[in-house]
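[1] Could you work out the structure for the sequence below:
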Amino acid sequence: MTLACHTLNPEVKDRPWLVFLHGLLGSADDWQPLLPALEGWPCLFVDLPGHGRSASLTAAGFADVSQLLTDTLHENNVTAYWLIGYSLGGRISLYHACQGDRSGLQGLLVEGAHPGLTCQAERAQRRHHDQQWAARFLQVPWKQALESWYRQPVFSSLTDAQRQQMIVLRENNNPHSVSAMLAATSLSVQPDLRAQLLRLSLPVVWLCGSQDAKFIHLAQQSGFGLRTVANAGHNAHRDNPAEFARQALAFITSPVLKEVEHDLS
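    Okay, the predicted model is just below:
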């Protein structure tokens, strides 16, 4: 079994693939604003379980999603690649990179994603938080649930107009599929990956919107490489796609190992 996906420039042979993983409620189409900057790069845009054209697929947890990703890469003959993941897609990228079989993976670029909680109290609190959201998705009218979702502090940079745009984009999701994926890949069940990530002999960088204070602080506190995207919040690739693409391709072209970067342009 593999995940639904679509490719861009698959005929390019002299560069690694860029494999894009979207966030909760998103789809492979979320990366479309980046397409003008990706000419000359082979790209794979993946629909995660419960989303997009993979809406009928379910996963029991991170291990299942990682295996589905591996099978999808093999099916599409992706042998050398970078993972670029946003939010949930970033957490899946981190988990996948820490597994034993990551042949072909050349680096990670993570946008607004958590490396893992460090204590049981935090896990219990997050478990309760995500269980409440999973239930709300099923019990509250869908548009109302989305309105509440995009009023969370992490989305505080959204204007009212931008919030309404996100709600319209997400209304076609199946609340049952999204609820199941949220439960299966809650941050409360994700391992704390910091130590493993810092031992990886791969370039890893956090790419955060300049207004995404929470994840900028998290990257700095954890000792990971950091680049920031000007005039952008949590969803930097949507808020400022041209700058996001510039930053991403600059790092992929000239990656840095084990060095904290600060690009505040």
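[2] end-to-end on stretch 33-49?
    The separation between the terminal residues of stretch 33-49, taken as Cα to Cα, to the nearest Å, is 22 Å.
[3] How far off centre is it?
    Remark: stretch 33-49 is offset 13 Å from the chain centroid, using Cα atoms, centre = their mean, to the nearest Å.
[4] Any regions of the stretch 151-265 of the chain where pLDDT drops low?
    In the predicted model of the stretch 151-265 of the chain, residues 258-265 satisfy pLDDT under 70.
[5] give me that answer again for 50
    Screening the stretch 151-265 of the chain residue by residue with the criterion pLDDT under 50, one finds the ranges 259-265.
[6] All the strands of it, residue numbers only.
    If DSSP state E, counting those that start in this stretch is used as the criterion, the strands of the stretch 151-265 of the chain fall at 204-209, 225-229.
[7] go on, the stretch 1-150 of the chain?
    With strands called from DSSP E, counting those that start in this stretch, the stretch 1-150 of the chain shows them at 5-8, 17-21, 43-46, 81-86, 105-111.
[8] would a markdown table of the ones you listed with mean pLDDT and mean neighbour count be doable?
    Glycine gets a C-beta too; all of them are placed from N, C-alpha and C. As requested, the strands of the stretch 1-150 of the chain are arranged in a markdown table below (pLDDT from 0 to 100; neighbours: other Cβ atoms under 10 Å):
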| stretch | mean pLDDT | mean neighbour count |
| --- | --- | --- |
| strand 5-8 | 98 | 17 |
| strand 17-21 | 98 | 26 |
| strand 43-46 | 98 | 24 |
| strand 81-86 | 98 | 26 |
| strand 105-111 | 97 | 23 |
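[9] out of those, nearest to Arg136?
    Evaluated with Cβ to Cβ, the strands of the stretch 1-150 of the chain place strand 81-86 nearest to Arg136, the distance being 22.1 Å.
[10] What helices and strands are in contact with the closest one?
    strand 17-21, helix 88-97, strand 105-111 (3 or more Cβ pairs under 8 Å, 6 or more residues apart in numbering; DSSP states H and E).
[11] Let's see it as PDB, backbone CA atoms only.
    Listed next in PDB are the C-alpha coordinates belonging to strand 81-86 (Å, rounded to 0.1, in the frame of the first residue of the first chain):
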ATOM      1  CA  TYR A  81      15.900  12.800  -1.600                       C
ATOM      2  CA  TRP A  82      15.300  15.600   0.900                       C
ATOM      3  CA  LEU A  83      12.300  15.600   3.200                       C
ATOM      4  CA  ILE A  84      10.500  19.000   3.500                       C
ATOM      5  CA  GLY A  85       7.700  18.800   6.100                       C
ATOM      6  CA  TYR A  86       5.300  21.300   7.600                       C
END
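[12] and that strand, how far out from the chain's middle?
    Computed by Cα atoms, centre = their mean, the separation of strand 81-86 from the middle of its chain amounts to 8 Å.
[13] neighbouring strands for it, and are they parallel or not?
    Strands flanking strand 81-86 in the sheet, each with its direction: strand 17-21 (parallel), strand 105-111 (parallel) (DSSP bridges).
[14] thought Gln247 was touching Arg227?
    Yes - the pair formed by Gln247 and Arg227 meets the contact definition of Cβ atoms under 8 Å, at 4.9 Å.
[15] that older thread, just send the strands paired with strand 81-86 back as CSV, with distance to Leu73 too.
    Rendered in CSV, the data for the strands paired with strand 81-86 read as follows (distance: least, Cβ to Cβ, whole Å):
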stretch, distance to Leu73
strand 17-21, 7
strand 105-111, 9
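[16] Asn76 is nearest to which of the helices and strands packed on strand 81-86?
    Among those, the nearest to Asn76 by Cβ to Cβ is strand 17-21 (8.3 Å).
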